[in-house]
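[1] Next input, structure requested:
(one chain, ligands or ions: 1)
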Amino acid sequence: MNILDKIVAHKRIEVAEAKSKVSIADLEKAPLFGRKTLSLKQALTAEGASGVISEFKRKSPSKGIINDSVLPEIVTKGYVEAGACGLSVLTDTEFFGGTFDDFAKARAANPSTPMLRKDFMIDEYQLWEAKAIGADVILLIAACLTPAEVRQLGRKAQELGLEVLLEVHDREELEQSVCEYVDMVGVNNRNLKTFVTSIETSLELAQLIPDKFVKISESGLKDAETILQLREAGYQGFLIGESFMVTQNPGLALKELIGRFQLTSNQ
Ligand SMILES: O=P(O)(O)OC[C@@H](O)[C@@H](O)c1c[nH]c2ccccc12
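    All right, here's what the predicted structure looks like:
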């Protein structure tokens, strides 16, 4: 079984358990459920935006522990102060060490920044969870959903006021899954079988993504030159976790990166 199949199999059990404990009606009573959501799409396309979506990620199947000594509220505040357009916080516990508590702490510390609930969405119930914890955006991974599921989950998410980021790895996933219930298309540079990242994936798919979608390049990004190259190719969003999280001060790492690519782009 590949890693994605393993994660999804585990997620199905988790979701069934969560459903038996907390009803949708209860999720709707959560204090943040009715909150007005923020637009990541708008933040990424605003004049002068850095385009960086910074991720809080404690561990991953590819790297093991990345950083287990930092606090979500401190890291995410640092990201926002450094110029992040949006935040991504992992809520998958088993494989990424994330929690709803991490998300809640980041949410409370950054009330005006669009936030992505980073998890493996397979069931509408998780959209209600996302609303209940104060998320603005959800991720739909084409590699673990049928095109019909992408449509169904995307449509429901938008009805709830959430924005939808569709993640693809190749041309086939893009062509089969992209639909009107998607706001942004993310190209994951990480091959899920080998964990190797290559920005060629983003460069190859850029032209194939219809222009009405905001394009986001995901994973393996760390230097200013790469970001400028991806911008040239049409990307307005850059999802970056590991290269910040491996440092003791992820916000500072983002600040330095933005300093480098803004300097370069003004020359
Ligand atoms: O840490 P990186 O290499 O900068 O990558 C961030 C993000 O793209 C990555 O965490 C990611 C992309 N898609 C995902 C789906 C699930 C979990 C994690 C991910």
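
[2] got the residues of the stretch 51-200 of the chain near the ligand?
    Those residues of the stretch 51-200 of the chain that sit near the ligand, judged by CB under 6 Å from any ligand atom, are 55, 57, 118, 141, 167, 188. In this view, the C-beta of every residue, glycine as well, is placed from N, C-alpha and C.

[3] okay if I get the residues you listed as a markdown table plus distance to Ala25?
    Output for those, formatted as a markdown table (distance: CB to CB, whole Å):
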| residue | distance to Ala25 |
| --- | --- |
| Glu55 | 32 |
| Lys57 | 32 |
| Lys118 | 26 |
| Ile141 | 28 |
| Glu167 | 30 |
| Asn188 | 35 |
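
[4] Return the closest of those residues with respect to Lys156.
    Ile141 (16.1 Å; CB to CB).

[5] Help me confirm that that closest one comes into contact with Asp119.
    No - with contacts counted by CB atoms under 8 Å, Ile141 stays clear of Asp119, the gap being 9.6 Å.

[6] low-scoring stretches of this protein, by residue?
    Scanning the chain for pLDDT under 70 picks out 263-267.

[7] max-length helix in it?
    helix 3-21 (DSSP state H).

[8] Just list what that helix packs against, helices and strands only.
    Other elements packing on helix 3-21 under the criterion 3 or more CB pairs under 8 Å, 6 or more residues apart in numbering; DSSP states H and E are helix 125-132.

[9] so where does Phe238 fall, helix or strand?
    strand 237-240 (DSSP states H and E).

[10] got the contact list for that strand?
    Outside strand 237-240, the residues that touch it by CB atoms under 8 Å, 6 or more residues apart in numbering are 40, 44, 51-55, 85-86, 88, 184, 186, 214-219, 221-222, 227, 230, 254, 257.

[11] can you give me the helices in the chain?
    3-21, 24-28, 40-45, 72-82, 100-109, 125-132, 147-159, 171-177, 200-205, 224-232, 242-245, 250-266.

[12] quick one: contacts for Gln175?
    To be clear, residue 175 is Glu; Gln isn't right here. Leu208.

[13] same question, the one 4 residues further on
    Cys179 makes contact with 147, 150-151, 154, according to CB under 8 Å, 6+ apart.

[14] By neighbour count, which of those residues wins?
    Most neighbours among these, by other CB atoms under 10 Å: Gly154, with 27 neighbours.
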